[in-house]
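K.L.:
Generate coordinates for the sequence data below:
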Amino acid sequence: MARYDFTTPRLHVAEDLRTGAEIPLPRDKAHYLVNVLRLRPGASVLLFNGRDGEWLSEVANAGRRACTLVVWDQTRPQTAPGDLHYLFAPLKRARLDYLVQKATEMGVSLLQPVMTARTVAERVNIERMRANVIEAAEQCGILSVPEVRAPVTLADALAEFDDARHLILCDEDAPPGDPIGTLVSLPPGPLAVLVGPEGGFMPEEREAIRAKPFVTVISLGPRILRADTAAIAALTLVQATLGDLKSVKG
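P.N.:
Residues are numbered from 1 along each chain as shown. Below is the predicted model:
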């Protein structure tokens, strides 16, 4: 039996969730339920807010531009969020959308855009990033929604980094080795992953990163990966070795 209900529409809301609560939806979500999915009063909708678990609700009224849901029963309690930060050089629009969605699916708890010398995206639309995070969480049964932070320079990211957290640098210039062996040798503690821009870090950037005592360097293999592919590869390695995939049994 599936652990999640993927047949009932699922929405993220900001309001607190409890039995009997009435949730008036913003216009875009009301439009989606009423005009796209064509739900009518009495139809079921799953709700989550990242704090109160997942709840079953039903459509109380459905107009052309408005929709109110009434909350009934909790279907899943809130689970403890993960603690994996993902730092990355932003990509251009479509590929950034993809990267953010996949990082959310892979269980990151925080997304931090980092501007480097070779970053291809000059601007980062934070609200669009948040919308992609929520969409991925809605579609994949995720209860905890990752935090999205405003872009910072690489220098500021390193200066402000919590040195109690291990920062794993995925470096295309690292000599081939055993990334799993490197990861399992790390002492216990919170983790972060850093992936650079398409053209790689500048030599002085790489030197500044590697000089930090909280940084561990790994190679993702003999092939040069696109940044969005590197994100999935790196997060999979970390989650399978040290994170929540390690305890998954077939």
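
K.L.:
Which parts of this structure are helices?
P.N.:
Remark: helices assigned in the chain by DSSP state H are 27-31, 93-105, 126-140, 154-159, 179-184, 203-210, 227-241.

K.L.:
mind giving me CSV with the ones you listed and columns for distance to Glu54?
P.N.:
From N, CA and C alone the C-beta is placed, and that goes for glycine too. Compiled in CSV, the helices of the chain are given as follows (distance: least, Cβ to Cβ, whole Å):
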stretch, distance to Glu54
helix 27-31, 16
helix 93-105, 16
helix 126-140, 11
helix 154-159, 34
helix 179-184, 32
helix 203-210, 39
helix 227-241, 22
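
K.L.:
now for the ones you listed, which one comes closest to Ile218?
P.N.:
Set against Ile218 and scored by Cβ to Cβ, these come closest in helix 179-184, at 4.1 Å.

K.L.:
closest one to Gly53 among the helices of the chain?
P.N.:
That would be helix 126-140 among those, by Cβ to Cβ, at 13.2 Å.

K.L.:
what's the neighbour count on Val34?
P.N.:
By other Cβ atoms under 10 Å, 21 other residues sit near Val34.

K.L.:
Is it possible to get JSON lines of the helices of the chain that adds distance to Ile168 and mean pLDDT?
P.N.:
Output for these, formatted as JSON lines (distance: least, Cβ to Cβ, whole Å; pLDDT from 0 to 100):
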{"stretch": "helix 27-31", "distance to Ile168": "37", "mean pLDDT": "90"}
{"stretch": "helix 93-105", "distance to Ile168": "14", "mean pLDDT": "93"}
{"stretch": "helix 126-140", "distance to Ile168": "21", "mean pLDDT": "95"}
{"stretch": "helix 154-159", "distance to Ile168": "14", "mean pLDDT": "96"}
{"stretch": "helix 179-184", "distance to Ile168": "7", "mean pLDDT": "88"}
{"stretch": "helix 203-210", "distance to Ile168": "11", "mean pLDDT": "94"}
{"stretch": "helix 227-241", "distance to Ile168": "6", "mean pLDDT": "90"}
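
K.L.:
Make CSV out of the ones you listed and add mean neighbour count and distance to Glu172.
P.N.:
Output for the helices of the chain, formatted as CSV (neighbours: other Cβ atoms under 10 Å; distance: least, Cβ to Cβ, whole Å):
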stretch, mean neighbour count, distance to Glu172
helix 27-31, 14, 40
helix 93-105, 19, 17
helix 126-140, 17, 25
helix 154-159, 16, 16
helix 179-184, 16, 13
helix 203-210, 14, 10
helix 227-241, 20, 8
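
K.L.:
ranges for the strands of the protein?
P.N.:
Listed in chain order, the strands of the chain (DSSP state E) span 10-12, 22-24, 44-48, 54-62, 67-76, 84-88, 110-115, 147-148, 152-153, 166-170, 191-195, 215-218.

K.L.:
residues making contact with the second one?
P.N.:
Okay, so that is strand 22-24. The contact list for strand 22-24 (Cβ atoms under 8 Å, 6 or more residues apart in numbering) reads 13, 15, 17, 47, 57, 60, 66-71.

K.L.:
same deal with the first one?
P.N.:
The list of residues contacting strand 10-12 from outside it, by Cβ under 8 Å, 6+ apart, reads 25, 29, 33, 45-50, 54, 134, 137-139, 141, 145.
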